[in-house]
Every structure is written in C-alpha cells, then in structure tokens.
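Enquirer: please work out how this folds:
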Amino acid sequence: MTAKLLAWISHLGLGPLVFVGLGIAIILGILKPARAGRIVGRIVLCLLFGPLLLAIVLDLLHVGLSLAPWWLLLLVVPIALVALLRLLLNLFIGKEAAGQAIGTLAADGIYAVGRAIRAGFRLVGRLFRQTPRSG
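Expert: Sure thing, here's the model as predicted:
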C-alpha cells in the first residue's frame, strides 16, 4: 500500500491530499494513528533518501559496468532486471501475483535455456553429418 501511495504522491503531486486523507481516516476510525504514523514515516524516508540512494546506485552501476568483465555482466544484469521487474510488479499487482509472475518467467527462462542447448547439439550433429569423410 505504501509503494502505491508513494507513486501517487511523486507523480501527481498529491502529498497534501494524502496527509489530509490519513487524518480523516484516523478521525473516522478507519486507520489507527500508529499505522498512519508508519505510512507517513515511510513516505518521508523515501522522499528524503530516495535521491541519495538513486545517485549511489547509478554511480555503482557506472563504475561496475566499466570495470566488470563481460562474463560477470552476463550473470548480474539479468538478475538485476528480474529484481527490478519484481519490484515493479509488486508495486502494481501485489506481492503474491508478482511472485507467481516471476516464477513463471523463471520457468520459461529455464525452458528456453534448455531449448537453446538442445538446438546447439542438433546444429553440431548436422555439421558432423554433412562433412565429407575421407576414407
């Protein structure tokens, strides 16, 4: 809930309306003050430390991409992309549905790797069958 609320605040400028809505929810008894305080605290922490964390991550990526060997990037970049995809799916469709989607994506990826390996063996087999034999 907090991530969706933060997305609304940052993109639409609804900060004051969110805080007013939290106050009304407390008055009506829909939300307990402690829960509202946690929501406000998370929003404030994200707004304070978000740009700092973004700058640190981008700097590490810049340095990491320029110094890392290509084979390490082949391992790290897909993992980072899946983590980012899971974060976005978690934001939009929820934790359980995001887990299901990432599990399906992982199964499809493993299946695709298996098909690529099989295709490689088939290609090598065809090459050996087509080569002329001296004898």
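Enquirer: can you give me every residue that contacts residue 107?
Expert: Residue 107 makes contact with no residue under the criterion CB atoms under 8 Å, 6 or more residues apart in numbering. For the C-beta atoms, the positions are set from N, CA and C on the backbone; glycine is no exception.
Enquirer: residue 22 is in what secondary structure piece?
Expert: Per DSSP states H and E, residue 22 falls inside helix 15-28.
Enquirer: in that helix, which residues are buried?
Expert: 18, 22, 25 (16 or more other CB atoms under 10 Å).
Enquirer: equivalent analysis for stretch 102-118, please.
Expert: For stretch 102-118, by 16+ other CB under 10 Å, it's residue 102.
Enquirer: pLDDT on it, on average?
Expert: For stretch 102-118, the mean pLDDT works out to 92.
Enquirer: how far out from the middle of the chain is it?
Expert: 19 Å (CA atoms, centre = their mean, to the nearest Å).
Enquirer: restricting to C-alpha, output stretch 29-37 in CSV.
Expert: As requested, the backbone C-alpha atoms of stretch 29-37 are provided in CSV (Å, rounded to 0.1, in the frame of the first residue of the first chain):
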residue,chain,number,x,y,z
GLY,A,29,-11.6,5.3,13.0
ILE,A,30,-10.7,3.6,9.7
LEU,A,31,-7.0,3.8,10.4
LYS,A,32,-5.1,3.6,13.7
PRO,A,33,-2.7,6.5,14.5
ALA,A,34,0.3,4.2,14.7
ARG,A,35,-0.4,2.8,11.3
ALA,A,36,-0.8,6.3,9.9
GLY,A,37,2.4,7.3,11.5
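Enquirer: give the buried residues for that stretch.
Expert: 31, 36.
Enquirer: what's the answer for stretch 38-47, then?
Expert: Per 16+ other CB under 10 Å, stretch 38-47 contains these buried residues: 39, 43, 46.
Enquirer: can you tell me which of these lies closest to residue 32?
Expert: Within these, distances to residue 32 taken as CB to CB reach their minimum at residue 39, with 10.7 Å.
Enquirer: check which helix or strand covers that closest one.
Expert: Applying DSSP H and E, one finds residue 39 within helix 33-67.
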